[in-house]
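Trainee: structure of the sequence below:
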Amino acid sequence: MLFLILFMLVPASILGYAIWVAERESWKKNRWRAPAPADAGPAAPAEPESVEGMLAGQLAEGEISRRRYIRAMERLAAHDDRRHPVVVPPETGSGPG
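Mentor: Take a look at the predicted model:
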């Protein structure tokens with residue numbers, strides 16, 4: 001019975017110690033960070049960095065329909081395929097011998 005208790009207590013204490021160390025380091029990093037201004041108000045959403053992100057945002061906001069989103073993504077994929085075609089190398093040992 002003692003073995004079973006130790007068998008469960010040792011891994012739990014190791015896990016607890018690991019979590020404690022991680023939380024302590026996180027607290028140390030965040031303690032020295034400058035506080036956010038109180039009058040800043042809600043943060044503005046970040047601007048999308050890609051066309052795909054812009055389209056996903058428009059779809060989420062309801063500005064475009066699902067069908068229009070899919071068509072636009074198809075056009076982007078076709079354009080990307082023309083710009084950067086994927087060339088599959090031949091298999092080793094294939095071909096006329």
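
Trainee: going by C-alpha atoms from here, please, whenever you check contacts or count neighbours.
Mentor: Fine.

Trainee: confidence score at the spatially most central residue of the chain?
Mentor: The centre of the chain sits closest to Gly53, judged by Cα atoms, centre = their mean, with a distance of 13.2 Å. Gly53 is assigned 88 on the pLDDT scale.

Trainee: how far away is it from Ala78?
Mentor: 17 Å (Cα to Cα, to the nearest Å).

Trainee: low-confidence regions, this structure specifically.
Mentor: Within the chain, the stretches with pLDDT under 70 are 27-45, 94-97.

Trainee: tell me, how many residues neighbour Glu47?
Mentor: 9 (other Cα atoms under 10 Å).

Trainee: enumerate every residue touching it.
Mentor: Not one residue lies near Glu47 by Cα atoms under 8 Å, 6 or more residues apart in numbering.

Trainee: mind giving me the packing neighbours of the lengthiest helix in the chain?
Mentor: Assignment by DSSP state H gives helix 2-31 as the longest helix of the chain. Here helix 2-31 touches no other helix or strand, going by 3 or more Cα pairs under 8 Å, 6 or more residues apart in numbering; DSSP states H and E.

Trainee: centre of the chain to that helix, how far?
Mentor: Helix 2-31 has its C-alpha centroid displaced from the chain centroid by 27 Å (Cα atoms, centre = their mean, to the nearest Å).

Trainee: neighbouring contacts of the next helix or strand after it?
Mentor: Using DSSP states H and E, the helix or strand that directly follows helix 2-31 along the chain is helix 51-61. With Cα under 8 Å, 6+ apart as the test, helix 51-61 has contacts from 48, 64-66, 69, 73.
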